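S.K.: Would you be able to build a 3D model of this:
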Amino acid sequence: MTVKQLRAFLAVARTLNFAEASELVHLSQPALSLAIKKLEESLGGPLLTRTTRNVALTPEGEALYERGERLLADWDNLEEELHQRFTLQRGKVAIAAMPSFAASLLPLGLLAYRDDYPGVNVEVHDVIAERVVDMVREHRIEVGITFDPGSSEDLRFQPLFEDEFIAVLPADCPYGRDGSITWTDLLKSDFITLQRPSRLRSLIEHQLSERGLHLNVAFEAHQLVTVGRMVTTGLGVGAVPGLCKQQMEELGARCLELTEPRVSRRVGIVTRRRDRLSAAAQAFVDVMVRRFKE
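M.R.: Have a look, this model is predicted:
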C-alpha cells in the first residue's frame with residue numbers, strides 16, 4: 001500500500017463519488033480507478049462496491065477508512081515536522097560543556113544560536129571535561145565542548161581557541177604586583193590542584209617536569225570551583241584554565257598571568273567521527289565556529 005493509493009482511497013471514501021474524489025487528489029477518473037484497483041489487489045480484496053448510481057464501502061473498506069485517516073494524518077504531520085527540523089524551524093539539540101566554558105563563553109554562543117534559530121530547543125549539560133567526552137561517546141549528546149581529548153579513532157575534535165593557564169592566589173598575596181608570576185615563584189607556596197586522573201593536572205605535571213619543576217601539592221579537589229574557594233580562604237595557590245578567570249575573581253581570588261613556562265591547552269568541539277550530526281546540531285557547531293573566527 002502506497003501513500004498515493006491511500007490518499008486516492010480516502011478521497012473516494014469521504015465523497016463516495018469518483019468525480020469529486022478525482023478533483024481532490026488531482027487525478028483523472030481512470031487513474032483514480034487504477035489506483036484503487038491496485039490497492040485492492042495488494043490488500044487481497046474489495047474495499048468498495050460500485051454500481052452505476054452509487055459507491056459504498058465494504059466492511060474492510062470501513063476499517064481502512066477509519067484507520068487510514070489517522071495514518072495519513074500522522075504521515076502528513078511527520079512530513080511537516082521533519083521539514084521544520086531540516087529547515088530549523090523547530091527541533092532540539094543536546095550539548096555538553098565543561099563548567100569553565102559553560103559559565104563564561106557558552107551563553108553568548110547560545111544567544112547567537114537562538115537569534116538565528118528561535119524554534120530549536122537546546123539542552124545543556126555542564127559537566128567536567130572528562131565527562132563531556134564520555135557523554136559524546138555514549139551517544140547521550142551530539143556535541144561536546146571541552147579540552148582537546150587527544151587523537152581518537154571514534155571522535156573528531158575541531159579546535160576553537162588556545163586557553164592558557166593562569167595563577168590564582170589569595171587576595172592579600174604579595175606576589176605578582178606586575179600582573180604576572182612565574183611557576184617557580186608560584187610553587188613556593190602550598191599548591192591546590194585537581195585530583196588524579198584529571199587531564200588538566202596531568203598536563204601541568206608533564207610540562208613542568210620538562211622544566212625540572214614539581215608540584216608541591218597540599219590539597220586536592222574534584223572541581224575547579226572548589227580549588228578557587230580553597231585559594232580564597234588562604235589554604236594555598238593554584239593554577240586554572242584562563243576560562244575560569246571571571247569565576248575565580250567572583251570567588252575573591254587574584255588572577256595573574258602565569259609564565260615560564262606558559263601552559264596551555266586547546267579548547268574545541270568534540271563529535272562522533274562516524275555519525276552525521278542532526279541539522280540543529282550542525283547549525284550549533286557552525287554558530288560556535290563562526291563566533292571564534294570573528
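S.K.: what's the pLDDT at residue 129?
M.R.: Residue 129 is assigned a pLDDT of 86 by the prediction.
S.K.: so what's residue 124 closest to, chain neighbours aside?
M.R.: Nearest residue to residue 124, sequence neighbours excluded (Cβ to Cβ, 6 or more residues apart in numbering): residue 95, at 5.9 Å. In this view, the C-beta of every residue, glycine as well, is placed from N, C-alpha and C.
S.K.: for the one you found, phi and psi?
M.R.: Residue 95 adopts backbone torsions of phi -130, psi 160, taken as degrees, to the nearest 10.
S.K.: again with residue 49
M.R.: Per-residue torsions, residue 49: phi -110, psi 130 (degrees, to the nearest 10).
S.K.: confidence score at it?
M.R.: pLDDT recorded at residue 49 is 91.
S.K.: next one: residue 208
M.R.: At residue 208, pLDDT is 90.
S.K.: just checking, it is part of a helix?
M.R.: Yes - counting by DSSP: H, G, I helix; E, B strand; the rest coil, residue 208 is located in a helix.
S.K.: Could I get the contacting residues of it?
M.R.: The contact partners of residue 208, by Cβ atoms under 8 Å, 6 or more residues apart in numbering, come to 183, 214-215, 261, 263.
S.K.: Can you select the buried ones from these in PyMOL?
M.R.: Of the contacts of residue 208, the buried ones can be selected in PyMOL as follows, counting by 16 or more other Cβ atoms under 10 Å:
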select buried, resi 183+215+263
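S.K.: Go through the contacts of residue 208 and say which is closest to residue 67.
M.R.: Nearest to residue 67 out of these is residue 263 (Cβ to Cβ; 65.5 Å).
S.K.: Identify the bridge partners of the nearest residue to that closest one once chain neighbours are set aside.
M.R.: Residue nearest to residue 263 in three dimensions, not counting chain neighbours: residue 165, with 4.5 Å by Cβ to Cβ, 6+ apart. For residue 165, the beta-bridge partners under DSSP bridges are residue 241.
S.K.: returning to what we had before: please list the members of the contacts of residue 208 that lie in strands.
M.R.: Among the contacts of residue 208, no residue falls in strands (DSSP state E).
S.K.: from the contacts of residue 208, which ones fall inside helices?
M.R.: Mapping the contacts of residue 208 onto helices (DSSP state H) picks out residue 183.
S.K.: which residues in the stretch 151-294 of the chain form helices?
M.R.: 183-186, 199-209, 224-232, 245-251, 279-293 (DSSP state H, counting those that start in this stretch).
S.K.: Those helices: which one's closest to residue 124?
M.R.: helix 279-293 (10.7 Å).
S.K.: Now do the buried residues in that closest one.
M.R.: So for helix 279-293, counting by 16+ other Cβ under 10 Å, buried means 279-285, 287-288.
S.K.: Could you do stretch 88-97 as well?
M.R.: In stretch 88-97, counting by 16+ other Cβ under 10 Å, buried: 88, 90-91, 93-97.
S.K.: Out of these, which comes closest to residue 63?
M.R.: Proximity of those to residue 63 (Cβ to Cβ) peaks at residue 90, which lies at 33.9 Å.
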